[in-house]
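> Here is the input, now give the coordinates:
(chains A and B)
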Amino acid sequence: MSWEPKIVAFVCNWCTYAGADLAGVTRTQYRPNVRLIRVPCTGRVDPLFIIKAFEQGADGVLISGCHPGDCHYISGNLHAKRRWIFFKGLTDFVGIEPERIQYAWVSASEANKWAKMVDQATETIRGLGPFTKYHALKGTGTAANGGACPLLVWSEAWQPGIPDEVPLPEDAPFVPALREKARELLEKGEVKVVIGYGWAKRQRRIVPVFITEPGDVSRLVFNPLCVNNLSVYLPRKQGDIAKLGKPAIVAKGCDIKTITVLLQEEQIGRDGIVILGVSCSGVIYRQELWAGKAAPDLLAPKCIGCDVQTPRLADHVVGEPVARSVEQQGPSEVQRQIEALDRKSPGERWDFWAEHFDRCIKCYACSQVCPLCYCDRCITEKNNPQWVETSAHPQGNFSWNLVRAIHLAGRCTYCGECDRVCPANIPLNLINRKLAVVSEEAFDYRSGYDEKAHPPMVVYHPDDKENFIR
Amino acid sequence: MKLLTRQHLDRWVEAMLAEKVRVVGPVTRAGQPVYAPVDRASALDFSQVIGRNSIKDFLFPQTEPVMLYTIKKSSVEMKDVGGAGQWPDTVLLGSRACDAAGIAALRSVFVWQGEDDPLFLDRYERTTVVTLACARGDRSCFCTSVGLAPDATEGSDLLLRETVAGNFAVEPVTDKGEKLVARWASHFEEGSESFRPVVPPPVIETSDVEKILAWLSDPSHYQDAVWAEHAAKCLGCGACTYVCPTCHCFDLTDEGGAFQGERRKNWDACQFDHFAAHASGHNPRSLQSQRWRNRFMCKFHFYPTKFSAKGCVGCGRCIRVCYVGLDIAEMMEKVSGLAEANPRHQPSAIS
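A predicted model of the protein is given here:
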């Protein structure tokens, strides 16, 4: 038996399903390769459905609904359009051939368009062949081969902390002022805890500290090793911290970008926190590499071209406004890598990501360290049905990384924490940055700059531009 | 004593590979030390301190199918996978003493009171652990603080020590080790060379596993403030458990379509927030500090009392991978100090 493409079509109840029905009633002939799944509205189509279809053996996915303006729920399809713009940016970037996922508007009267589209999609996907690249990932890979280890490639230094012979960085000049402010807030009872940076007890490294007693404020420090984005401790999910009471948080300008999104998404109230903004002239990406000074090549990728060195939105700012220490010279390394990937063929991009995702050990450090991954129950934990395969075989890894990325689309502030902590060194910065570029290009939106703005995924505009929906 | 010379080591490895024995050892990939199967002797690099992955990967893989199922009209067909004969004979060559002790700990869990895990047991029986005593540790090593040493033999079948001349002195620990030497006898020779001095990691004087066990055995300490104080910063990723040689929790999950698929055994971690959640929705460990308490208690209370084994082998990997700098040795000191202040509690049989 020769191979026939399997195509899963998600169609909206009101337009495309009726269009397909009309095609049936009028005896319009078209390829039988398509399996229809009726959904109330294209707005209901979670990118996860598409990933799931591929996991289950689909060779292509077709999504179709009412034309813009015709939505029976007024704007469901326009929201869907925004989601697709992001999702297409992502799937193209990881190397899924664009023809495998097709988007269309088909009204209830367009039986012919529907038939023609199915025929065309079937033939295009037939031309591409079975989507074995994805299906074959299951049961392959190092982790899946019973006993062969996933290739773990941790950060360059396998040592926490700074070697004894390397001098520790000096505190920023404003540290006394920071401590004084913290003491004042605690003494007055304005806050119950100050979330900040301090030295670890046994190791020479900076760790998050939680100061509850005014007498302990001397533990607070700030220096170029203070890379953690502490705003991860703010959402309700961090019950231990929430129990302590109202927090003050020591935040760099970039951390405040994340706080901005948490405010936008109403995960925290502006009155519920005190922001102690610190001026920052760059932090070391991986503390272990500290060699006495904050050399530009050791700085976190987000520090290159940073425009929030003097924090905004803070209740109190300590430190003088700093001039940009690192002027961006041309595109950054991350941008260069993204551009290089964009120039490659989908197949090459796929191979690039397949190789990286193969190492994923599903520790979920990327989502746990992400201040914006605050769901009480992550989609990976929903197992009836199992939405995202938890196995660390490459297929499960691929699905997980797609889901993680799309959930952050238009929200991620590029703090780089997921990339920094990934024990398998998967270049998550590339994906996050890529989606930020999509957000900027399609919606002229940069996340983390305006707490009053609506994030792109929660609003729509009738004039949203795209060039891939048929 | 038996000696394995440098040249013979390479030849031995090549001979094993030629006989289809899977040889796993320390290699360098992308500049990183890892344990991985090798296809040639020259890939092995014994100079590294410790692999980034735990050697448990080769006895208890992160994901493995346990069963295939097909749902028919009126029946469900199930087919075993794995089991005897599927795994190649394996030699873990150049394991560290801590990792070997971790294997002993895993065995105590997976082969427990007649409740054997056939997948583990089959691999275990086909695996010979050849430990190479460490010449040096690093800042995160603390095996000497949990009753082990760079040349401890717990869990090893064969112990190699470097000699001054650059060869390896061979000390069989178990029958399996003896058999391995006997099978490849031509590669080992008699001789006598003095060992190269080893530098064990410094003992953390203020930590004492006995005192920790005593303190943890007192149920009133379950809600102690120390847990939140120490572990509030934990973000609940599972990285520490995934690199830990003794963490053994797994989850069974069905993957596949509506009518057929496979049941897989995947690593799970007590650090995940829904690990202990009940079907009712109640979560007995709803706070991260409680989940971290569970990990600490598992290492220093559950393992010794329930499985009579070391739960923490001092490899230091959890310290190395933690991105918020949670340090289990710091907690060992802290709890030892608390026990010191409160010495009346004795280890109880509660487990």
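
> so what's the residue in the stretch 151-300 of chain A positioned nearest to chain B up against?
Per CB to the nearest CB, A:Val207 is where the stretch 151-300 of chain A lies closest to chain B, at 3.5 Å. All C-beta spots, glycine's among them, are computed from the backbone N, C-alpha and C. Each residue near A:Val207 by CB atoms under 8 Å, 6 or more residues apart in numbering or on different chains is listed here: A:197-200, B:233, B:324-326.

> Am I right that it is in a helix?
No. Using DSSP: H, G, I helix; E, B strand; the rest coil, the assignment for A:Val207 is strand, not a helix.

> Got the confidence number for it?
We note a pLDDT of 93 for A:Val207 in this prediction.

> What residues are recorded as beta-bridge partners of it?
Following DSSP bridges, A:Val207 is listed with bridge partners A:Gly198.

> Same check on the one 4 residues further on?
Judged by DSSP bridges, the bridge partners of A:Ile211 are A:Val194.

> Run a quick neighbour tally on it.
When neighbours are defined as other CB atoms under 10 Å in any protein chain shown, A:Ile211 has 24 of them.

> give me every residue that touches it.
A:182, A:186, A:193-194, A:196, A:217, A:219-220.

> Helices along chain A, start to end?
Per DSSP state H, chain A carries helices over the ranges A:16-25, A:47-55, A:76-93, A:111-128, A:132-135, A:175-187, A:239-242, A:253-264, A:333-343, A:346-357, A:365-368, A:394-407, A:417-421, A:428-443.

> Go through those helices and name the closest to A:Leu276.
Ranking the helices of chain A by proximity to A:Leu276 (CB to CB) places helix A:175-187 first, at 6.1 Å.

> For the stretch 101-250 of chain B, which segments are assigned as strands?
B:111-112, B:115-116, B:127-132, B:158-162, B:168-172, B:189-190, B:250-256 (DSSP state E, counting those that start in this stretch).

> Where does pLDDT dip in the stretch 101-250 of chain B?
In the prediction, the stretch 101-250 of chain B carries no residues with pLDDT under 70.

> quick one: whichever residue of it sits closest to chain A and A:Ala409, what's the gap?
Nearest to chain A, among the residues of the stretch 101-250 of chain B, is B:Cys237, at 3.5 Å (CB to the nearest CB). Per CB to CB, to the nearest Å, B:Cys237 is found 22 Å from A:Ala409.

> okay, and the helix or strand of chain A with the least pLDDT?
Lowest on mean pLDDT, DSSP states H and E among the helices and strands of chain A sits helix A:132-135, with a mean of 80.

> circling back to that earlier point, so can I have a markdown table of the contacts of A:Ile211 showing neighbour count and pLDDT?
Formatted as a markdown table, the contacts of A:Ile211 follow (neighbours: other CB atoms under 10 Å in any protein chain shown; pLDDT from 0 to 100):
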| residue | neighbour count | pLDDT |
| --- | --- | --- |
| A:Ala182 | 27 | 96 |
| A:Leu186 | 21 | 97 |
| A:Val193 | 24 | 95 |
| A:Val194 | 29 | 96 |
| A:Gly196 | 25 | 97 |
| A:Val217 | 21 | 95 |
| A:Arg219 | 17 | 95 |
| A:Leu220 | 23 | 96 |
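
> how far away is B:Leu44 from B:Pro33?
To B:Pro33, B:Leu44 is 11 Å away according to CB to CB.

> Quick check: neighbours shared by the two?
Contacts common to B:Leu44 and B:Pro33, judged by CB under 8 Å, 6+ apart, are B:26-27.

> buried stuff in stretch B:181-189?
Residues of stretch B:181-189 classed as buried under the neighbour-count rule (16 or more other CB atoms under 10 Å in any protein chain shown) are B:181, B:184, B:187-188.
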